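# the following comprises the amino acid sequence and a computationally predicted model.
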Amino acid sequence: MKNGALWGFVLLLILASSVSGRGQTPDKAASPSSRDELVRFLVKAKRATYASQGDVDSVKSVLLPGTHQLEFSEGLFFYRDIYAGSSMFAGQEMVYYAGKPVWSMSYAGNIPEEVSKQDIEGLTKLLHKALMNVPNATPYRGPLQIEDGAFRYANHAGGSFTSFFGDEGIQRDGRVLYTLHYEGGMLR
């Protein structure tokens, strides 16, 4: 996917994600009482959506045709992850507080065409395991590294919670099977 097309897709996701769910009305004065409160919710939301459900949409009617949409809410917090594609994919996660978007992360990834079905199953299992272990210190993706048999997951993040970027990947016996780039932070 060329950068222009990726950014166009990301902009489309931002616009679609800005339609806050569950009838929440934005309150300009509303914001989480602390970073820790937002991080706790984000980690819980990530574990409750793709990490445990996979591609199973958690809503009956998705905002954008042809996409997967996962959602989680608790109290004044609401999380939405919208993505398209499977072996070549792009998406965006958004956290709302009292109907106001406060945090976002865009991502794009790839599984090369020559990766076997068996390796896709192994890397998917490891990716779910990594995302169930989202660290509070860097709640963007998985831990620095985790292994399952011959499969190895690695995550390299930079920046801070307010403005971050990173790459993650999965290898099997030194061969790259999956890559993903992400970036995001606090919205203001």
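Ah, there it is.
# excluding sequence neighbours, find me the nearest residue to residue 142.
Of all residues not flanking residue 142 in the chain, residue 130 sits nearest, at 3.1 Å (C-beta to C-beta, 6 or more residues apart in numbering). (C-beta placed from N, C-alpha, C; glycine too.)
# list the residues that contact the one you found.
141-143, 146, 153, 155, 168 (C-beta atoms under 8 Å, 6 or more residues apart in numbering).
# for it, give me the pLDDT.
Predicted confidence (pLDDT) for residue 130: 95.
# list the contacts for the spatially most central residue of the chain?
Closest residue to the average C-alpha location of the chain: residue 93 at 5.2 Å, with C-alpha atoms, centre = their mean. By C-beta under 8 Å, 6+ apart, the contact set of residue 93 is 46, 79-81, 104-105, 107, 184.
# same list, those, but as TSV with secondary structure and distance to residue 62 please.
Compiled in TSV, the contacts of residue 93 are given as follows (DSSP: H, G, I helix; E, B strand; the rest coil; distance: C-beta to C-beta, whole Å):
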residue	secondary structure	distance to residue 62
46	helix	19
79	strand	15
80	strand	10
81	strand	11
104	strand	18
105	strand	19
107	strand	18
184	strand	21
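# and of the residues you listed, the nearest to residue 174?
Distances from residue 174 to these, taken as C-beta to C-beta, are shortest for residue 107 (24.2 Å).
# where does residue 36 land in three-state SS?
Of the three states, residue 36 takes helix under DSSP: H, G, I helix; E, B strand; the rest coil.
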